[in-house]
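Colleague: Quick one: sequence and predicted model below, then my questions.
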Amino acid sequence: MVGTKIADLVRTYLKNKPYTMEALESGIVNFSSLSRLIQKELSIKSYQAVKAAVRRHAEHIGSIKNTIEKRALDVLKENRITLLDGIYVAISDKRLEIENKAEVKVDSYYVYLTDKSAFKSMTRKQKESLIKVHENCSAIIIYSEEKLENVSGVLAFVTSLLAERNINVIEFISCYTETMLIVSKEDALRSYEALSEIIR
């Protein structure tokens, strides 16, 4: 098996292992152990070729991650951040006339961000059209400069930062210069603190 083909196989294997990729990006992987595992799972004869491919790929993705992080931090450090509590996420298969902070149509359903008062005032018929409701959530709103639209990887960096802390983003809306992340009330403070550390 030629070296290029082995490198392609290793690259494909790693791309399908997100946690391994994350460890490679962070530089905390034992190349020898990982290479032996890949060699065994892909039935490749040459251990050295596998290890060389793993090392090259790790260097490549590490370089990309550093570039993305630097770009993201340069944009985010100039932003403002706000935390709103008492947010309700209502997903309906019909368009509803309700007071809301945001309304998004996605394919055949609508997503509404509203508050407790507006949610409680919904009619019975409106509530019957709801597919899913997330009650008493929190919204983290990031206010950015216009250049956000021209910089790739910023939003991926933000969501990865929260994922690393085991924080689930229930809904994510990004429009023009505002980014809104809806998280559970229990995760709100940790989310705000994590993002505040990079937005100064």
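Modeller: In hand now; what should we look at?
Colleague: mind checking the SS state of Arg133?
Modeller: Arg isn't right for residue 133; it's Val. Look at Val133: counting by DSSP: H, G, I helix; E, B strand; the rest coil, its state is strand.
Colleague: Pull the number of nearby residues for it.
Modeller: Residues contacting Val133 under the criterion other Cβ atoms under 10 Å number 13. To be clear about C-beta, it is placed using only N, CA and C from the backbone, and glycine gets the same treatment.
Colleague: and it, what does it touch?
Modeller: Taking Cβ atoms under 8 Å, 6 or more residues apart in numbering, we find Val133 in contact with Tyr88, Val89, Ala90, Ile91, Phe119.
Colleague: can you redo those as CSV with neighbour count?
Modeller: Compiled in CSV, the contacts of Val133 are given as follows (neighbours: other Cβ atoms under 10 Å):
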residue, neighbour count
Tyr88, 22
Val89, 19
Ala90, 25
Ile91, 17
Phe119, 23
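Colleague: any idea which of these is closest to Leu9?
Modeller: Top of the list for closeness to Leu9, among those and by Cβ to Cβ, is Ile91 at 41.3 Å.
Colleague: was I right about that closest one contacting Ser108?
Modeller: No: using Cβ atoms under 8 Å, Ile91 is not in contact with Ser108, being 11.1 Å away.
Colleague: Let me see the domain layout of the chain.
Modeller: 3-75, 80-198 (automatic domain parsing).
Colleague: Buried residues, stretch 83-101. List them.
Modeller: Neighbour-count burial for stretch 83-101, counted by 16 or more other Cβ atoms under 10 Å, picks out Leu83, Leu84, Ile87, Tyr88, Val89, Ala90, Ile91, Ser92, Leu96, Ile98, Asn100, Lys101.
Colleague: Can you flag which of the residues you listed belong to helices?
Modeller: Nothing among these maps onto helices, per DSSP state H.
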